[in-house]
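Enquirer: Okay, structure incoming, though there's no sequence with it:
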């Protein structure tokens, strides 16, 4: 298995909802990442997990809460989001712990906040 | 302020010809420069990298050139093929990846 999977592909949620995005990889990678990509903008790093521990939080609002239950799984819990949080959320992984420039990306979850 | 700039939102090239995608950066401390390729409905895919101490790296049809004095890098694809039609992100790596906005490449038949 050489891919990063993300579910769901699309998500529409209200500002009072609680939802979660899921990312999975079975390549034995030890670092996992969440990125946010707005339309016509580049992907921007949100969080990095290295060896299942949060190593980087790029000053992301607390309404986004990451979780790494095990080395293959990364979740992003969403609560009380704003319409401006609508974006494509990309998950990535890399083989070694610590941030690497060679990252394997999933297809993303397109989130719409209404 | 953008640290990695791709000033051409799109580029059209005839099949078989050379595609040249350009990128400028502002921070001379970046360790590596990267190109990622993205098809619709897929995540970005790592294509090729170059260390800041090199000026050229080649991998098959793809060559990246780095001009440190001009803070400029370019990706050459030759010959261009229909499957090369995609969005190409230039990126730089220091303690994280910083992406440019991307250039959409269209390969014309």
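Expert: Alright, I've got the coordinates. Because the structure is predicted, anything quoted here is derived from the model rather than measured.

Enquirer: and stretch A:37-48, is it in reach of chain B?
Expert: Yes: using CB under 8 Å from any CB of the partner chain, we find that stretch A:37-48 touches chain B at A:40, A:41, A:42, A:43, A:44, A:45, A:48. For the C-beta atoms, the positions are set from N, CA and C on the backbone; glycine is no exception.

Enquirer: Now, those that are in strands?
Expert: Mapping the residues of stretch A:37-48 next to chain B onto strands (DSSP state E) picks out A:44, A:45, A:48.

Enquirer: before we move on, the earlier item: which one in the residues of stretch A:37-48 next to chain B is the model shakiest on?
Expert: Ranked by pLDDT, the residues of stretch A:37-48 next to chain B bottom out at residue A:40 (84).

Enquirer: Strands of chain B, residue ranges please.
Expert: Taking DSSP E as the criterion, chain B contains strands spanning B:4-5, B:10-14, B:19-25, B:32-38, B:45-51, B:56-59, B:62-67, B:72-77, B:86-93, B:97-99, B:103-108.

Enquirer: and what of chain A?
Expert: Remark: strands assigned in chain A by DSSP E are A:4-7, A:10-13, A:18-25, A:31-37, A:44-50, A:53-57, A:64-70, A:73-79, A:87-94, A:104-105, A:109-113.

Enquirer: The first one close to chain B?
Expert: Yes: using CB under 8 Å from any CB as the criterion, contacts between strand A:4-7 and chain B involve residue A:4.

Enquirer: Might you calculate how far that strand sits from the centre of the chain?
Expert: On the basis of CA atoms, centre = their mean, to the nearest Å, strand A:4-7 sits 10 Å off its chain's mean C-alpha point.

Enquirer: Can you tell me the closest non-neighbouring residue to the residue of chain B found nearest chain A?
Expert: Of all residues in chain B, residue B:43 sits closest to chain A, at 2.9 Å by CB to the nearest CB. Once flanking residues are discounted, residue B:43 sits nearest to residue A:105: 2.9 Å by CB to CB, 6 or more residues apart in numbering or on different chains.
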